[in-house]
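Engineer: Mind looking at a prediction? Sequence and model below.
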Amino acid sequence: MTSTTPALTAPHAGPAPLVRRILLQGRYETLTMVRNGEQLILAVIMPLLALVGLTVTPLLDGLGASRVDIATPGVLALCAMSTAFTGQGIATGFDRRYGVLRFLSTTPLGRTGLIAGKIIAVLAVLVLQVLVIGAVAALLGWHPRPEGWLPGLGLLVLGAAAFTALGLLVAGTVRPEATLAITNLLWILLGALGGIVVPAERLPELAQSIVHFLPSGALGQSLRDAFLHGSVSPQYVLVLLLWTIVPGAAAVRWFKWN
Amino acid sequence: MRSPESPVLTIDGLIKDVGPLASLDGKMLRVVSGLSMFAERGQITALLGANGAGKTTTLECAQGLQKRTGGRIGLLGEDPDTAGASLRSRVGVMLQDGGLPPSARPIPLLRHIAGMYRNPLPLDGLVERLGIDTFSRTGVRRLSGGQKQRLSLAAALIGNPEVLFLDEPSAGLDPQSRQIVFELIAELRDAGMGIILTTHLMDDAQRLADYVYIIDAGHNVAEGTVAELLSHGHDAVDGVAERTLFFDAPAGLDIAAAIGDGLTITESRAGSYSIAGTLTPQHLAKLTAWWAEKGIMPASLRLEARSLEDVFLDISGRDIR
């Protein structure tokens, strides 16, 4: 033993306050997400590509509004799906694999704090995405209805809740490699055919009948309603609520921590 | 056997079933079946057992990471299944697989964990003691096994716990790391921390533990201090414990004629002898006198105390499972 042994004891004083623990974890998870290159591609680059792509191509012509006005709400919905479902799902899946969830749940943070931290991180990244997409869309000539912002942001949070519940359900029940495959595949499928960026009326007939009941279609369509017309359809709110409650309850029931 | 004085952990009749498992036709598997133990403040208590004996499951039930099927657990007097942040702040946990995010860097990670406590240990001291400053700029993903273990230990200690759980603390440790970690653990014990560790390495238990529980097939099969266990089944009389004498000499010697009965004498291959049992100085005197008389000079000569490994194998059987 060396003579310069630093002190390794201190009076025990208990845990930091709950709010501080949750905010710390939220900040930590947010920084982890925005520092991860793949997550940034998924969260920012892909939605930006979708926005520019839909604005420069005639895909959305003839729907009664400008391309960028129709595209932007859907791209915001896509952002929620990227961050809450695919991004958070993959991160949680690998955290589970490496025992990070188990270790952190033995600290004062606990399981509740861990989940709360993840929700904060999703919301924080979502704010960044809205700022970036909103700014680029404004440059491209986006003119949202001012009264659409309040319901629009509310729907975005609800959609993020639904996709977080789904992401955690997948991450907590299958291997991380499977989570990676499932969440990426669904992101592509729902992104292309789920009524999220491309309105239902431009989809194949088979898809049209079901997208209104999917979280992607409900979020995409309701955000277009909000920002194009300033209106909110209770049907979509109900669909999003169901997609939050059912997978959320299933995640609580079946999530495996190890 | 002993009775608790100031226990940090008491486990009474722990039962844990896992499953249902497809490999058992959908039946449950009982991985812990009636395990009882306790751990004192200011002591290192070791759970010693082969892989799959139920050590990690027992620890995880005690930490509240797994819900037990039956039995009682008191961690600092509370039930770990219903414990809140206050209890968790008094307990440090080092998991077998580390539990550190691969993308994190050591210092920001420790600082983050320290933030969960009102009065954590000073980061600098811990970092220096465990030699983390030498790899503080390397991501967790690229750390060696020994570096990861030291970081995991720091993460378990940063909250200044009263109880410390270490699941296979020496796994992956190089000799230098092992020295650092063992010294620190012993020092924390002396400072009054209650330490519970699992290991399948007899050497760890022999070097560190004040009290050992030998775990086999989900329950405790023997317990005691290392000295007590070493005399297991061979009541130590007047401090004479069991030893084995090994030597190489010409083949076919009649050793029993020289030193008498009461010892186990084997010639495992021609000229390679072992004499096991409660060897006394008189036995050695007789043997060497006999060699002198016969003009025999052994090619090698070695005396070994009974090791914890022998005890363990005697108790839990030598079959490979």
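Structural biologist: Everything's here; your move. The shown structure was predicted, so the numbers you read here are calculated from the model rather than taken from an experiment.
Engineer: And the pLDDT for the closest residue to chain B within the stretch 101-250 of chain A?
Structural biologist: Closest to chain B within the stretch 101-250 of chain A is residue A:103: 2.7 Å, counting by Cβ to the nearest Cβ. Every residue, glycine included, has its C-beta placed from N, CA and C. With respect to pLDDT, residue A:103 has a value of 95.
Engineer: For the residue lying closest to it once chain neighbours are set aside, list the residues it contacts.
Structural biologist: The spatial neighbour of residue A:103 that comes closest, neighbours along the chain excluded (Cβ to Cβ, 6 or more residues apart in numbering or on different chains), is residue B:99 at 2.7 Å. By Cβ atoms under 8 Å, 6 or more residues apart in numbering or on different chains, the residues touching residue B:99 are A:98-100, A:102-104, B:152, B:155.
Engineer: what do you get if the cut-off is 7 Å, keeping everything else the same?
Structural biologist: A:98-100, A:102-103, B:152 (Cβ atoms under 7 Å, 6 or more residues apart in numbering or on different chains).
Engineer: Quick check on it: phi, psi?
Structural biologist: Dihedral pair for residue B:99: phi 70, psi 30, per degrees, to the nearest 10.
Engineer: quick one: it from residue B:161, how far?
Structural biologist: Noted for residue B:99: a distance of 15 Å to residue B:161, by Cβ to Cβ, to the nearest Å.
Engineer: Over to residue A:141?
Structural biologist: Per Cβ to Cβ, residue A:141 is found 59 Å from residue B:161.
Engineer: So for those two, which sits in the more crowded spot?
Structural biologist: Between residue A:141 and residue B:161, counted using other Cβ atoms under 10 Å in any protein chain shown, the more crowded position is residue B:161 (24 against 12).
Engineer: Surely that one touches residue B:94?
Structural biologist: No - in this structure, residue B:161 is not within contact of residue B:94 by Cβ atoms under 7 Å, at 10.5 Å.
Engineer: how far does the strand or helix carrying residue B:128 sit from the chain's center?
Structural biologist: For residue B:128, the element it lies in under DSSP states H and E is helix B:123-129. Its chain's C-alpha centre and that of helix B:123-129 lie 26 Å apart, by Cα atoms, centre = their mean, to the nearest Å.
Engineer: Helix or strand next in line after that helix, which one?
Structural biologist: Following helix B:123-129 in sequence, per DSSP H and E, is helix B:145-157.
Engineer: what packs against that following helix?
Structural biologist: Secondary-structure packing of helix B:145-157 (3 or more Cβ pairs under 7 Å, 6 or more residues apart in numbering or on different chains; DSSP states H and E): strand B:91-94, helix B:106-114, helix B:123-129, helix B:175-190.
Engineer: Including mean pLDDT and mean neighbour count, could those go into TSV?
Structural biologist: TSV is the format used below for those (pLDDT from 0 to 100; neighbours: other Cβ atoms under 10 Å in any protein chain shown):
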stretch	mean pLDDT	mean neighbour count
strand B:91-94	96	26
helix B:106-114	96	20
helix B:123-129	94	18
helix B:175-190	92	16
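Engineer: What distance do you get for residue A:74 to residue A:217?
Structural biologist: 10 Å.
Engineer: Need the residues touching each of these two.
Structural biologist: Both residue A:74 and residue A:217 are contacted by residue A:196, under the criterion Cβ under 7 Å, 6+ apart.
Engineer: Run through the residues that contact residue A:217.
Structural biologist: A:194-196, A:200, A:211.
Engineer: now residue B:182: how far from residue B:45?
Structural biologist: From residue B:182 across to residue B:45, the span is 15 Å (Cβ to Cβ).
Engineer: My read is that residue A:55 contacts residue A:67, right?
Structural biologist: Yes - contact criterion Cβ under 7 Å: residue A:55 and residue A:67 qualify, at 5.0 Å.
Engineer: In the stretch 101-250 of chain B, which residue sits nearest chain A?
Structural biologist: For the stretch 101-250 of chain B, Cβ to the nearest Cβ, closest residue to chain A: residue B:125, 3.0 Å.
Engineer: Can you check the pLDDT for residue A:44?
Structural biologist: Here, the pLDDT recorded for residue A:44 equals 95.
Engineer: dump the residue contacts of it.
Structural biologist: Counted by Cβ under 7 Å, 6+ apart, residue A:44 has contacts A:129, A:132.
Engineer: so it sits in a strand?
Structural biologist: No - the assignment for residue A:44 is helix, going by DSSP: H, G, I helix; E, B strand; the rest coil, so no strand is present there.
Engineer: Would you quantify the distance from it to residue B:261?
Structural biologist: 85 Å.
Engineer: show me where chain B has strands.
Structural biologist: Remark: strands assigned in chain B by DSSP state E are B:7-21, B:27-40, B:44-48, B:70-75, B:91-94, B:163-167, B:194-199, B:211-216, B:219-224, B:243-248, B:264-269, B:272-277, B:300-305.
Engineer: Tell me which strands the third one pairs with, and in which orientation.
Structural biologist: Next to strand B:44-48 in the sheet, as set by DSSP bridges, lie strand B:194-199 (parallel), strand B:211-216 (parallel).
Engineer: The first one too?
Structural biologist: Each strand that pairs with strand B:7-21, with its direction, by DSSP bridges: strand B:27-40 (antiparallel), strand B:70-75 (antiparallel).
Engineer: Over to the last one?
Structural biologist: On the basis of DSSP bridges, the sheet neighbours of strand B:300-305 come out as strand B:243-248 (antiparallel).
Engineer: between the strand it pairs with and strand B:264-269, how many degrees?
Structural biologist: 30 degrees (axes from the mean of the first three to the mean of the last three Cα atoms, to 10 degrees).
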